[in-house]
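Student: starting from these lines, generate the structure:
(2 chains)
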Protein chains: 2
Amino acid sequence: MYKVKVYITLRESVLDPQGSAVQSSLHALTYNEVQEVRIGKYMELTLAKNEKDVELRVKEMCEKLLANTVIEDYRYEIEEVVPS
Amino acid sequence: MYKVKVYITLRESVLDPQGSAVQSSLHALTYNEVQEVRIGKYMELTLAKNEKDVELRVKEMCEKLLANTVIEDYRYEIEEVVPS
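Tutor: Residues are numbered from 1 along each chain as shown, chains lettered A, B, ... in the order given. Got it, this is the predicted structure:
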């Protein structure tokens, strides 16, 4: 079994209105030290072990579905877990 | 300056319809090894250094705004960065 953590973030060049909105809210709550907020997605996947290359499969999942590669970057961490 | 990474995830006990939808889509794309998908938020904050306790402030930001502590858990990593 594999536990996969996927981090999807907007590319640096892409505007992040959601991040700006959160930043304004934090300032309104007096957290003025906040200079920037970037918001992305964090996914935890559980995969059954099979004969296929898990790294290749995860990369394909990111490219085909999980990330919009036009405006988003993705990275992932794969950890093999021995079922208890 | 500090770079803070915040990970917000739904509590285990909370249903994740978005995750289930992504899982079905992955199965439709023949990635049948996917057993579970949990979707959360990933935030990158840039904070100016000041005299206040950064750990306490980040915890407060999570509790007050970034996470809905009724249904979400949060964790964070704080890294001090020397401006280049």
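
Student: which residues of chain A fall in strands?
Tutor: Counting by DSSP state E, one finds strands in chain A at the ranges A:2-10, A:34-47, A:72-80.

Student: show me what from chain A comes close to chain B.
Tutor: A:1, A:7-9, A:19, A:22, A:25-26, A:29, A:31, A:33-50, A:52, A:57, A:60-61, A:64-66 (C-beta under 8 Å from any C-beta of the partner chain). All C-beta atoms are positioned from the backbone trio N, CA, C, and that covers glycine.

Student: which of those residues are buried?
Tutor: Buried residues within these, counting neighbours by 16 or more other C-beta atoms under 10 Å in any protein chain shown: A:7-9, A:19, A:22, A:25-26, A:31, A:33-34, A:37-47, A:57, A:60-61, A:66.

Student: and the gap between the closest residue to residue A:8 other than its chain neighbours and residue A:49?
Tutor: Closest residue in space to residue A:8, ignoring its immediate chain neighbours: residue A:41 at 4.2 Å, by C-beta to C-beta, 6 or more residues apart in numbering or on different chains. Distance, residue A:41 to residue A:49, by C-beta to C-beta, to the nearest Å: 25 Å.

Student: could you dump the strands of chain A to CSV with mean pLDDT?
Tutor: Formatted as CSV, the strands of chain A follow (pLDDT from 0 to 100):
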stretch, mean pLDDT
strand A:2-10, 96
strand A:34-47, 96
strand A:72-80, 96
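
Student: of these, which approaches residue B:15 most closely?
Tutor: Comparison of these against residue B:15 by C-beta to C-beta identifies strand A:34-47 as nearest, at 14.9 Å.

Student: which strands and helices sit next to the closest one?
Tutor: strand A:2-10, helix A:17-28, helix A:54-61, strand B:2-10, strand B:34-47 (3 or more C-beta pairs under 8 Å, 6 or more residues apart in numbering or on different chains; DSSP states H and E).

Student: so which of these gets nearest residue B:80?
Tutor: Short answer: strand B:2-10, nearest of the helices and strands packed on strand A:34-47 by C-beta to C-beta, at 5.6 Å.

Student: how far off strand A:34-47 does the closest one point, in degrees?
Tutor: On the basis of axes from the mean of the first three to the mean of the last three C-alpha atoms, to 10 degrees, strand B:2-10 is oriented at 40 degrees to strand A:34-47.

Student: understood, closing this out.
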